[in-house]
Structure formats: structure tokens, C-alpha cells
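[1] Need coordinates for the below:
(one chain, ligands or ions: 3)
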Amino acid sequence: MFEFSLVFNLTAIANCILMIMWYFHQKRIPLKSYSFFLRFNIYVLIATAINMIADILYEIEMVDEVGFNYIMALYSFMISFILVVYADFICEYMNLYENNKRVIKYFFYLILICMTVIDFLSPATKVGFYFNRSGYSTGKLGGIYVLLSAVLVISEVAVIIYRRKSVPAFNVFILILSIVFSSVMLMVQYRFSIALLGFSFSIVCLSLYNYIFNPALYMDNLTNLNNKDCMRSYLDYRFGRDKQFSIIFIAMDDFKYINKTYGVDVGDNLLVQVGNYLEGVKEVDDIFAYGSDKFAAVCNKKSIEDVKSISEIIQSRFRHPWYSESNSGIMMSASICCFECPKDAQDYGSLIEMIDYAMSMAKKTNKGGISIAGDMDLSKMRGEKEIEKAVRLAIDRNALLVYYQPIFSVEKNAYNSAEALVRLNDEKLGWISPEEFIPIAEKNGLIIALGECVLRSVCKFIRDNKLSESSVEYIEVNMSPVQLQQPEYYKKIISILEEYDVKPSQINIEITETANMAGSSDTVYDNIKHIVDYGITLSLDDYGSGYSNLDYINHMPFNIIKIDKFIVWDAFQNIKAGITLEYTIRMLNALSYNIVAEGVETKEQKEHLANIGCHYMQGWYYSKAVSSDEFMKVIGKAS
Ligand code: C2E
Ligand code: MG
Ligand code: MG
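    Ligands and ions are numbered 1, 2, ... in the order given. The predicted structure follows:
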């Protein structure tokens with residue numbers, strides 16, 4: 001057995017030394033996981049060396065049985081210590097500590113203390129394990145020792161399963177596999193008294209290296225700098241330690257024109273050069289490639305004046321041409337913005353939000369210049385964050401209100417439909433206008449959940465108030481282009497209507513033509529086609545304002561055109577606008593559309609619009625948007 005153990009231990013030591021060499025050879029970023037990797041290897045190396053020395057000394061009879069047992073107690077302590085360090089790493093890696101569950105860490109170390117006490121009592125009292133030439137014997141506390149090890153291993157597996165969603169599935173598999181593998185090796189070691197644990201831990205290290213710490217995962221392929229994922233792990237680590245640092249963010253200006261003019265190869269080469277240059281700026285401590293043409297330089301604890309002067313050094317490089325093989329020098333510019341942490345941001349998420357916002361401001365107002373985030377007016381960003389929180393809360397609590405504004409049919413001389421308009425009354429911010437919160441919800445994707453809440457509310461309203469028995473034939477629901485850009489979104493709409501037993505003819509969907517409609521026209525068009533095939537009619541909202549073009553109405557299956565309220569109002573202020581509106585209505589009539597005029601506020605407006613051929617009126621002259629109960633009263637009175 002001695003020979004077998006020696007071979008396994010020597011292999012483990014060789015593995016560990018190779019991995020430690022690899023660690024020091026790498027362009028090292030002080031990531032928590034990297035430092036764990038180094039520590040883990042060193043501990044395995046020490047444990048294995050102790051085991052090997054104990055075996056050799058005992059074999060050549062340089063120590064007696066008790067002495068051997070004391071060295072083995074130290075070895076056994078190292079093994080339990082490695083198990084606890086590994087458990088701690090798993091919690092850290094699976095982001096368990098994020099939720100202040102640090103108490104589990106103390107639990108692991110408590111187990112370690114108990115195991116250590118048994119370890120060091122054993123050589124003299126034989127209460128745990130006692131080693132001799134033929135193997136080992138178990139004392140009174142041996143069972144407890146095994147139980148404590150099992151608790152450790154089971155806790156590790158439980159943490160991995162509990163937090164499995166926080167890391168890629170394959171990494172979960174690797175972590176579990178490594179635990180199963182080491183546990184099997186542990187059992188074999190105890191059964192046959194062959195030293196396998198050091199070897200198995202070194203194999204675990206190797207697989208972790210391959211799948212989890214692989215430097216390629218943290219490297220930007222083009223510039224060979226550390227990438228965005230690496231930046232995230234690194235800054236999480238820095239924020240965790242509450243250290244002060246600054247970030248200089250460098251975003252190339254109009255880089256797509258460089259690619260277009262000189263070709264992608266030259267563009268790539270220039271980015272590599274910029275990366276190399278930034279890496280060489282000695283005042284910069286760490287540099288990251290953040291996306292295709294952006295870089296983030298981290299400077300350790302420097303005053304904002306120092307950071308500004310480093311930015312000036314960087315900016316001065318952009319006053320000179322950059323040379324690529326086949327050209328005689330290309331001028332490029334970059335917008336630079338400086339951030340101080342933790343003053344400007346206290347965690348990675350808010351730093352990224354801040355970078356996004358500050359860089360888009362810098363590009364608008366100080367392109368090619370140096371901006372200081374601390375000097376910028378960030379009240380708009382903070383305001384948007386507050387509103388975003390309010391929308392999120394209202395969706396979670398089902399507290400969004402839907403109001404209804406009646407639409408009057410000239411021909412029927414009655415309210416034949418209504419527009420559903422969402423309302424938000426936040427505890428802290430009070431009433432917030434949809435003009436304010438809808439664009440924010442569109443930016444962060446909340447509009448999907450919001451739109452679903454509104455449609456449900458409308459369907460429930462139609463069903464509960466038996467609207468089919470009133471003059472109101474359908475309700476118009478606003479739909480954002482972001483919703484229609486979701487593949488197969490029509491299925492969601494249909495399922496909601498079916499859930500509430502609402503007929504497709506009772507719903508009309510209003511869409512506004514916007515610039516981003518064009519970008520994903522295939523998905524939008526597919527959704528629209530299915531919606532219309534299902535029997536839901538479509539309105540083009542806010543016609544005449546902003547982005548509307550004739551091509552759009554000619555190719556989309558609209559049933560109703562809603563003339564924007566500003567166009568309506570302008571027609572009564574300005575002769576040319578009046579003529580434009582008259583001819584627009586004539587054209588839309590010739591194309592057989594139903595026409596709704598928005599913003600009808602006076603009798604004069606109503607009469608003139610009816611005279612020039614508008615069929616439907618919506619506006620404060622009739623009613624503002626009101627709650628569902630009030631709406632039922634309004635249409636009740638009219639009938
Ligand atoms: P919109 O779809 O063009 O809605 C018409 C807006 O004009 C409503 O403003 C309505 O209250 C207002 N309005 C109607 N008649 C008059 C009038 O005679 N005078 C004046 N001064 N205003 C009038 P609101 O409710 O503030 O909605 C603003 C915009 O927010 C809507 O414009 C729509 O684009 C969006 N929106 C509202 N609810 C929803 C929703 O549920 N989903 C989506 N995606 N967008 C919505
Ligand atoms: Mg509308
Ligand atoms: Mg409108």
C-alpha cells in the first residue's frame with residue numbers, strides 16, 4: 001500500500017505545482033475565485049506532502065506509531081480544512097452570501113473545530129481514528145467524525161442545488177461531479193488505506209480550472225485584454241471589500257464609420273492598438289475591454305484630479321494618428337468619463353447603469369472630451385429609477401389602474417367604443433403620467449408585464465360589465481412596439497381574451513408607428529397578421545405626428561386611423577394646418593378607413609370635424625378618461 005500511496009501523492013504534488021505555476025504565469029486579475037484557486041492548490045499540496053512525509057517516516061521507522069498518528073492528525077485536519085474551504089468557495093461562487101446567509105460559513109467552521117478536536121485527541125486517546133501498519137481503527141467518536149464530514153458534503157450539494165440558477169448548468173454539473181468524485185475517493189481511501197485524497201483534490205482543481213477558472217472565459221478574443229465578465233467579477237470583489245477606486249471609461253466615437261471606411265480588419269487592428277496603448281499607460285492599474293469599442297481602466301485609490309490628469313494623458317494620444325499596415329494614419333476620437341467608487345456607485349449594477357447613462361450624456365454634450373460623472377446632472381437618471389421602481393411595484397401588487405375614455409360615433413349619435421388608458425398612483429410619487437412612465441417601461445422591458453396587466457383588466461371589465469349588451473362595441477387598447485417585437489406575442493393576447501371569454505371583435509389594438517417599428521418588422525408583422533386573422537381590429541394611433549408615413553398605412557391592415565390631438569388642435573390655429581387636415585380626412589375616407597379625431601375639446605371642433613368627414617370623436621368635450629364605474633355611468637347617461 002505504501003508504494004501505491006507514494007505514487008498517488010507524488011502525482012498530486014506534481015499536479016498542484018503545475019497549477020500554481022500556471023497561476024503565477026497568468027495575467028492575473030485579483031478575482032476572488034482566482035485567489036481561491038491558488039489557496040486550494042497550496043492547501044492540497046501541503047496536505048499531500050504531510051501525508052507523504054508521515055508515510056515515509058513511518059516506513060523507515062523514523063517515527064513510532066504515536067508520532068505517526070500525530071502527523072496523520074495534522075493531515076486529517078488539513079483534509080477537513082480543505083473540505084470547509086471548498087464549501088465556503090461554493091457559497092461564494094453560487095452567490096449565496098449575497099443574501100446575507102453568511103451564518104452558513106460559521107456553521108462550516110464550527111464543524112471544522114469539532115473535527116479538529118477529534119483529530120488531535122485521537123493519537124493519545126484513540127477516540128477518533130487510530131492508524132497502524134495494517135490500516136486504521138475507529139474509536140468512540142469515529143462515527144461522529146464521519147457524520148460531520150457527511151454533513152459538510154451534503155451541505156455543499158444542497159447549496160449547489162439551491163442556487164443552481166445563479167451559474168451555468170454545466171458548472172453546476174462540474175461542481176457536483178467533483179464532490180461525488182472526492183467522496184468516492186474518500187471512501188476508497190478509508191476502505192483500502194491508500195492515500196487517494198490529495199490526488200482526487202488535485203483532479204478537482206484541474207477540472208475547476210478547465211471549466212470554471214479557464215482564463216479564456218475572462219479574455220477578450222480581439223484585444224487579449226480581460227473582458228466584461230472578468231470586469232464584473234473583479235469589481236464585485238472590489239465593491240465587496242469596500243475599497244476606493246476610480247474608473248476611466250473610454251468609448252470610441254463613431255467607430256462604425258472607421259469600420260465602414262477602412263474595413264473591419266483595419267478597425268479590429270486599431271482596437272487592438274488602442275487596447276495595447278491603454279494597457280501600457282502606467283498610471284492605470286487594470287484595463288478591461290468592455291464590449292466592442294469601449295474600454296474601462298481601473299485606477300486604485302486616486303483623487304479625481306489624478307484621474308482627470310490620467311484621462312488627459314489618454315486623450316492626448318488621440319490627438320495623433322493611429323497607423324495600421326495599409327494606411328498612412330487614421331485619426332480617431334474617444335469620449336472619456338471618470339467615475340469614483342464608492343462615491344458614484346456602491347455596487348456593480350448601479351455602476352453599469354451610471355456608466356450607460358453618463359456615457360450617453362457625454363456622447364451628446366461632450367463628444368471626444370473628458371467628463372466627470374460626479375459633475376453631471378444625474379437627477380433625470382435617478383428620477384427614472386424612482387419611476388421604474390414605482391411601475392415594478394404597481395405590477396407586482398396589481399395596482400395599475402385602467403381608465404376609459406369614451407369615443408363618440410357621429411353616425412350612431414352614441415358612444416360606440418372607448419380607449420383604455422393606464423393610470424399609476426404611487427404612494428411616494430403620487431399620480432404619474434403615462435407619457436412619463438410608458439417610455440421608461442419600454443426601455444427596461446417592463447412594458448411587457450404592464451401591457452399584459454392592462455389587457456387582462458380590459459377583458460375583465462368587458463366581461464364583468466356585460467359590455468356586449470351596451471352601445472360600446474369594442475375597447476381600444478394601446479400596444480407598444482416593444483410588445484409586438486416579442487416573437488409569437490399574439491398567442492399571449494389570444495390566450496388572455498379566451499381566458500375572459502372576450503370576443504376578438506370586442507378588442508381593438510392601437511399601435512403608434514415609431515422608428516423602432518421598422519427594425520424588426522418581420523416579428524411585428526407576423527404578430528399583427530395573426531392578431532388580425534384572429535378577428536381583432538387595428539388602429540393606427542397618433543396619425544400625423546412624428547413618424548407616420550404613407551407607406552405604412554398602405555401596407556398594414558389598419559381599420560381605424562386616429563388623428564393625433566396636436567394635428568387636430570393645430571387645424572384650428574393655422575389655415576395651412578386646417579387645409580392639410582381636411583384633405584387628410586378626405587384621403588383617409590377615400591381609402592375607407594374609420595377616422596377618430598383625438599383631443600376634441602370644444603363644440604366648434606366637434607362640429608367642424610364632423611363636417612369634414614370625421615366619423616368618431618374622442619376628447620374632453622365628451623369626457624376625460626374615467627374609472628370603469630364612472631365610465632358605465634357616462635355611457636348610461638348617453639343612452
Ligand atoms: P394616446 O394613446 O394617444 O392616448 C391619448 C392621450 O390623449 C391620453 O393621454 C388621453 O388622456 C389624452 N386626451 C384625450 N382626449 C384629450 C383632450 O381632449 N385633451 C387633452 N389635452 N388630452 C386628451 P394619457 O392618458 O396621458 O396617455 C398618454 C399616452 O400614454 C397615450 O397616448 C399612449 O401612448 C400611452 N398609454 C396610455 N395607456 C397606455 C397603455 O395601456 N399601454 C401603452 N402601451 N401605452 C399607453
Ligand atoms: Mg392611444
Ligand atoms: Mg393617440
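[2] Around ligand 3, pick out the residues from the chain.
    Within the chain, the positions near ligand 3 by CB under 5 Å from the ion are 541-542. For glycine as for every other residue, the C-beta is placed from the backbone atoms N, C-alpha and C.
[3] Okay, domains of the chain per the record?
    Domains of the chain are assigned by automatic domain parsing as 2-216, 219-376, 385-638.
[4] ok now the second one, how far from the chain's centre?
    The one in question is domain 219-376. 21 Å (CA atoms, centre = their mean, to the nearest Å).
[5] mean confidence for that domain?
    For domain 219-376, mean pLDDT rounds to 90.
[6] And it, end to end?
    One end of domain 219-376 sits 32 Å from the other (CA to CA, to the nearest Å).
[7] circling back to that earlier point, so can I have CSV of the domains of the chain showing mean neighbour count?
    Putting the domains of the chain into CSV (neighbours: other CB atoms under 10 Å) gives the following:
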stretch, mean neighbour count
domain 2-216, 17
domain 219-376, 17
domain 385-638, 17
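[8] Same question for the residue nearest to Ser178 when sequence neighbours are not counted, what's its three-state structure.
    Once flanking residues are discounted, Ser178 sits nearest to Val204: 4.2 Å by CB to CB, 6 or more residues apart in numbering. Using DSSP: H, G, I helix; E, B strand; the rest coil, the secondary structure recorded for Val204 is helix.
[9] mind listing what the closest residue to Lys243 other than its chain neighbours touches?
    Once flanking residues are discounted, Lys243 sits nearest to Lys301: 7.1 Å by CB to CB, 6+ apart. The contact partners of Lys301, taken as CB atoms under 8 Å, 6 or more residues apart in numbering, are 243-246.
[10] Please produce a markdown table containing the residues you listed, extended by distance to ligand 1 and secondary structure.
    Shown next, in a markdown table, are the contacts of Lys301 (distance: CB to the nearest ligand atom, whole Å; DSSP: H, G, I helix; E, B strand; the rest coil):
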| residue | distance to ligand 1 | secondary structure |
| --- | --- | --- |
| Lys243 | 44 | coil |
| Gln244 | 43 | coil |
| Phe245 | 41 | strand |
| Ser246 | 41 | strand |
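[11] From ligand 3, how far out is Leu609?
    15 Å (CB to the ion, to the nearest Å).
[12] Mind giving me the packing neighbours of the helix or strand hosting that residue?
    Secondary structure from DSSP states H and E places Leu609 in helix 603-611. Applying 3 or more CB pairs under 8 Å, 6 or more residues apart in numbering; DSSP states H and E, one finds that helix 603-611 makes contact with strand 616-617.
[13] mind checking how far the helix or strand just after the strand it packs on is from the chain centre?
    Scanning forward in sequence from strand 616-617 by DSSP H and E, the next helix or strand is helix 628-638. For helix 628-638, the separation from the chain centroid amounts to 44 Å (computed by CA atoms, centre = their mean).
[14] what about helix 628-638, near ligand 1?
    No: judged by CB under 6 Å from any ligand atom, helix 628-638 and ligand 1 are separated, with a smallest distance of 13.1 Å.
[15] mean confidence score for that helix?
    87.
[16] Which elements pack onto that helix?
    strand 401-409, strand 414-426.
[17] can you tell which of those strands is closest to ligand 1?
    With CB to the nearest ligand atom, the closest approach to ligand 1 among the helices and strands packed on helix 628-638 belongs to strand 414-426: 3.7 Å.
[18] just the angle between the closest one and helix 628-638, please?
    For strand 414-426 against helix 628-638, the angle by axes from the mean of the first three to the mean of the last three CA atoms, to 10 degrees is 160 degrees.
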